[in-house]
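> Generate coordinates for the sequence data below:
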Amino acid sequence: MSLTDKIQLSKNIATISGVFCILVSILLLLNYYQFSRIEPLESKTIEALVEKLQENPNSDELKEEIRDYDLLARKAYFNTQWQVKTGAYILLVGAVVFAIALRFYYSLKAKIEKPVQQSGDEITSRILSQKWILVTGSTIMVLAFAISFATVDHLKVYSLSEDSTQQEGVPDDGIEVVDVGPQAQSEAAPSQQETRVGENGAQDEGFSSSEDIVQEETMQVKDNQEETGEVQAPAHLPASVTAQGALTATLVEANYNSFRGPWGRGVSKISNTPVEWDGASGTNMLWKATIPKLGYNSPVIWEDKIFLSGGDGEAREVYCYDKNSGKLLWAKKADNIPGSPATMPRVSEDTGLAAPTLTTDGKRVFAIFATGDIICFNMEGNRLWDRNLGVPDNHYGHSSSLITWNGKIFIQYDTNKGGKVMALNSASGETVWETQRNAHISWASPVLAEINGKMQVVLTADPIVAGYDAETGQELWAVECMMGEVGPSVAVGEGFVFAANEYARLAAINPADGSIVWEDDYYLPEVASPVCANGLLIVATSYGMLVCYDAKTGEMLWEHDVGTGFYASPVVAGNKIYALDTDGVMHILELSREVKVVAEPELGEDGFASPAFSEGKIFIRGAGTLYCFGK
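A predicted model of the protein is given here:
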C-alpha cells in the first residue's frame, strides 16, 4: 500500500469512527434522558392493578397479572442499564480508534507535505482546529464515563406494597446506607445474610451426599475420640468423604454445623421435628433467650452447644448457648485484631455487621464480620487465632457465610474490587489456597458437594456459577448464567446444580459438561435460596410464593401463595419443608408433588434467619431472640 493510500485509509477510519462516536453519544444521551424521566420501575399499570387488588384481595388473576407486569418492569430496568453500560464501552472503543486513526493521518501526511511558510493567522487557525479535535474527543470520553457512572449499579427501591410484595432481595442503592453505631436497632429490616445458602440434593447421579454414605452411630465415633484423642473414620466410610482430624461425614450429618445444616445444602436428616408452636403464648416453647447484639446469622449446632454472632459500632461478638436450657455459656468479643478497621464500614440496616452464619468442626468455632475480621475460638470460648482479610468493598455489607471441611475454612469473598474464594487452615488461620474469580460482587455462600469424585466448593455470582476443588482451589467448571446482585446460593440434587436469582433465571446445570439442562424465568428468588431433596426443587420468592419443580425436568408441580415474602431460605427436615416468612410465620408443607400444608405456627416476632434442627427440636432466631420449640 502506497503512502497516499495509507493516508486516505487513516482519514476514512478517523471520519467513520468520529461519526460513529457522535451517533452513539447522541443515542446514549437520549437513552439516559428517557431513563431518568420515565423510571422503569415506577409502573402506573402496576399501581392501578394493586389498587384493584386491594378491593379484591382474593383475585388470583390480578395477582398473576401483577407478577407478570412486575417481571417486565424489572427486566426493562436492567436491560436499560445494560444498554447504557454497553454503549459507554462501545463509545470508549470508538473514541480510541478515532484518536489513533487521527494520529496516524497527521503523522503520515507530515511525511509528504513540504514545509511552507505559514502566516500567523494560518498557524493560529491550525492550532485552534487541533484543540477543537482534542476537546471534542475528550468530551465524548468524559460523557461516556459520566453516563455510565450515573446509571450503572444505582438501583431504586421498588415495591408493589409494603405488606405483600416487599423488595426482598439484596438491598438496592435506594435504601439508605447508614453507619452502624451503638444505637443500632434490634428490629432492623430483613437480613442480607439470607442471600446465601446451598442446598442438599440427596442420592444424585454424579454426587455423593450424606444419603449415599453408610453411617456410623455418632456415639461410637465419640467413643473412639475419647479413647484415641482423635476421631477415626469408620473403615467402611469412603475415603472421599473422610475428613482429616476431628471432622467426619458422620459427624457433619449428626450435627448442624453450618448455615442450613450439613454441607450448607438446606437438608437435614433430623426427624420428628415439631410442627406446632406459638412464640407469643409459649405453646411448645422449651425456652427462649435474648441475643445481646443485632445479627442476621442463623444458629449452628454442635452437640449441646448453639453458636450465633452479633455486632454494632461498639463491638462484634460471638455467643455460645446451651442447647438444652438456652443459658448463655459465653460471649466473646472479636477485638484487637491486627488490620481491623478503626472505623466500621458503612453497611445497610438489613445487613449489618454480623450477617454471615458461623461454622464449627466440633473442636473450634469460626465467625466472620463485615469488617473482614475472621476469628476462631475453641468450644470453651478461648480465642485460638484471628486475622483480618481486608475490609470487603461491599456497599451493603458482607454476608457470605463460612463452611468447613477437611481442616479448612472456605470463604467466598466476592466484592466490588473483584471475586475470589479462599481456604484457611482451621487450626492456624493461615491461607491454604486462594483463587481469583471472574465474578462480580455476590452475597451468596459456599456449598460443599462431591461431584465426579471430588469434594467441590460451589459458588454463584454475576455472571458465573462455578465449582472449585476443595483441596487445591482449582476451578473445575464454570457456567455463565446469572446477572444482577446475586443473593441466593445454589441447590444441589439429582446430579445438577441449581442457581437462581431475580432479574436472571432459574437454571439447572449439569456440572459434568457445563450444560444448562433446563431453565425458567417466572418464579425467581431474591434472597432465599432454593433447596433440592427427593427429586423436588423448592423456591421461595420475595413476593410470598412457594413453588415446587420436578428437579430433573423443570416441570412446575405446584405453587403456594402465602402473601408475605421470604428472606429466610426454606429447609427440609425429614419429609417436611420449613419456610419462615418475614412476619415470623413458619409455613410447613409436606415434601411431595402436591401442595399439602401441615401447619403455619407463629414465632411472635419478625423472622429473617433460617432455622436449625437437633434431636427433634427446632431453633429459630427472631429479630432479637433465640427460640427453641419442641415437645
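> ok, which stretches of the protein are helices?
For the chain, helices defined by DSSP state H occupy the ranges 3-38, 44-55, 60-112, 120-151, 218-228, 249-254.
> counting contacts, what elements does the shortest one pack onto?
Contact partners of helix 249-254 among helices and strands, from 3 or more CB pairs under 8 Å, 6 or more residues apart in numbering; DSSP states H and E: helix 218-228. (C-beta placed from N, C-alpha, C; glycine too.)
> just for the stretch 1-150 of the chain, where's the confidence low?
Regions of the stretch 1-150 of the chain meeting the criterion pLDDT under 70 cover residues 33-44, 60, 71-82, 111-150.
> how about a cut-off of 80?
1-4, 6-7, 14, 18, 28-89, 91, 94, 102, 104-150 (pLDDT under 80).
> Not counting stretch 570-579 itself, show me its contacts.
With contact meaning CB atoms under 8 Å, 6 or more residues apart in numbering, stretch 570-579 is reached by 200, 260-261, 266-273, 275, 528, 530-531, 533-534, 538, 540, 546, 562, 566, 568, 586-592, 598, 610-611, 613, 618.
> how about 6 Å then?
Contact partners of stretch 570-579, identified using CB atoms under 6 Å, 6 or more residues apart in numbering, comprise 260, 266-268, 270-271, 273, 531, 533, 538, 540, 546, 586-589, 591, 610-611, 613.
> List buried residues within these.
260, 266-268, 270, 273, 531, 533, 538, 540, 546, 586-589, 591, 610-611, 613 (16 or more other CB atoms under 10 Å).
> any idea how far Met483 is from Ala568?
24 Å (CB to CB, to the nearest Å).
> Give me the more crowded residue out of the two.
Ala568 (31 against 16; other CB atoms under 10 Å).
> List the contacts of that one.
Listed by CB under 6 Å, 6+ apart, the contact set of Ala568 reads 194, 580, 608-610.
> Of these - the most surrounded one?
Busiest of these [other CB under 10 Å] is Glu194, holding 40 neighbours.
> on that earlier part again, of the contacts of stretch 570-579, which belong to strands?
267-268, 531, 533, 538, 540, 546, 586-589, 613 (DSSP state E).
> Adding pLDDT as columns, could you present the residues you listed in TSV?
Converted to TSV, those look like this (pLDDT from 0 to 100):
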residue	pLDDT
Val267	96
Ser268	94
Val531	98
Ala533	97
Ile538	98
Ala540	97
Leu546	97
Met586	98
His587	98
Ile588	98
Leu589	98
Phe613	97
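> Closest to Ala280 out of those?
Met586 (13.5 Å; CB to CB).
> any low-confidence regions in the protein?
Those would be 1-4, 6-7, 14, 18, 28-89, 91, 94, 102, 104-246, if you go by pLDDT under 80 across the chain.
> try it again with 50
152-245 (pLDDT under 50).
> From the recorded domain assignment, give the ranges for it.
3-151, 195-629 (automatic domain parsing).
> deepest of these, which one?
domain 195-629 (a mean of 21; mean count of other CB atoms under 10 Å).
> Off-centre distance for that domain?
Here the centre of domain 195-629 is set off from its chain's centre by 11 Å, with CA atoms, centre = their mean, to the nearest Å.
> oh, and call the first residue 647 from now on, that's how I've got it
In the new count, where the first residue is 647, that last one comes out as domain 841-1275.
> For Ser656, which residues are in contact?
Ser656 neighbours (CB under 6 Å, 6+ apart): 747, 750-751.
> where does it sit relative to His1206, distance-wise?
For Ser656, the distance to His1206 - CB to CB - is 66 Å.
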